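**Student:** sequence unknown, structure follows:
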């Protein structure tokens, strides 16, 4: 893995407020590259509740601003008012529409999406059924109809930081009645995305 090193003059600590969906991967990158970044991860299920995402993201940013922390955000366009929030808090975010784009890159993301993939990462697999029923209800026929309307298979993404979540992934796929496929993913694209966000934030006042 290529090492992305910040210049010595860029040693000002940063706080990254973001989605916990790739918590292990982001923590690994920060640790491996020695970036001076502390993290504040929010529940990955907030994507299903825009009002909660708005509230908890803004509260987290305010909390760190009150302490004088310099922040950036690890989210994509996950809320329609995301750009407004960034402007209000005078911060920036990681590049990419969503966490899967940040992990795979846009071209691979679109390639798999056009094949009919529903992307599954470890964090979602381990909390799948309660997360889905809390969002869509307990009518399994309705839940499956929602997933079948736009997806042909479930694509589980395994990173170097993943544990063996094959059983949970299969249970998630079975729950929505989609075939399961796997894709091994390295962290090269995610590393570039996080590094760019750090540089962008350090270069801003």
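**Tutor:** Ah, there it is. All values reported here derive from a predicted model rather than from experimental measurement. Residues are numbered from 1 along each chain as shown.
**Student:** what pLDDT, on average, does the strand or helix carrying residue 32 get?
**Tutor:** Assessed by DSSP states H and E, residue 32 sits inside helix 23-33. The average pLDDT for helix 23-33 rounds to 96.
**Student:** contacting residues around it?
**Tutor:** 1, 3-5, 16, 18, 35, 37, 39, 41, 74, 103, 122-123, 159-162, 187, 190-191, 194-195 (C-beta atoms under 8 Å, 6 or more residues apart in numbering). (Glycine included, C-beta is placed from N, CA and C.)
**Student:** helices along this protein, start to end?
**Tutor:** 23-33, 50-66, 82-88, 99-104, 106-115, 122-126, 128-136, 140-148, 166-176, 188-203 (DSSP state H).
**Student:** of all those, which lies closest to residue 154?
**Tutor:** Evaluated over the helices of the chain, closeness to residue 154 peaks at helix 166-176, with 4.4 Å, by C-beta to C-beta.
**Student:** OK, contacts around residue 177?
**Tutor:** Counting by C-beta under 8 Å, 6+ apart, residue 177 has contacts 144, 147, 148.
**Student:** make a PyMOL selection of whichever of these turn out to be buried.
**Tutor:** Selecting only the buried entries of the contacts of residue 177 in PyMOL, with 16 or more other C-beta atoms under 10 Å as the criterion:
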select buried, resi 147
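**Student:** residues of stretch 109-128 that come out buried?
**Tutor:** Going by 16+ other C-beta under 10 Å, stretch 109-128 has these buried residues: 109, 112-113, 117-125, 127-128.
**Student:** chain center to the helix or strand of the chain with the lowest mean pLDDT, what's the gap?
**Tutor:** When the helices and strands of the chain are scored by mean pLDDT, DSSP states H and E, helix 128-136 comes last with a mean of 89. Computed by C-alpha atoms, centre = their mean, to the nearest Å, the separation of helix 128-136 from the middle of its chain amounts to 18 Å.
**Student:** give me the helices and strands touching it, please.
**Tutor:** Helices and strands touching helix 128-136, by 3 or more C-beta pairs under 8 Å, 6 or more residues apart in numbering; DSSP states H and E, are helix 140-148, helix 166-176.
**Student:** tilt between it and helix 140-148?
**Tutor:** 90 degrees (axes from the mean of the first three to the mean of the last three C-alpha atoms, to 10 degrees).
**Student:** low-confidence regions, the chain specifically.
**Tutor:** Along the chain, the model assigns pLDDT under 70 to residues 1-11, 205.
**Student:** can you pull the contacts of residue 172?
**Tutor:** Residue 172 makes contact with 120, 124, 125, 128, 129, 154, according to C-beta under 8 Å, 6+ apart.
**Student:** try 6 Å
**Tutor:** Residue 172 sits next to 120, 125, 128 when contact means C-beta atoms under 6 Å, 6 or more residues apart in numbering.
**Student:** cool, and residue 50?
**Tutor:** Residue 50 neighbours (C-beta under 6 Å, 6+ apart): residue 79.
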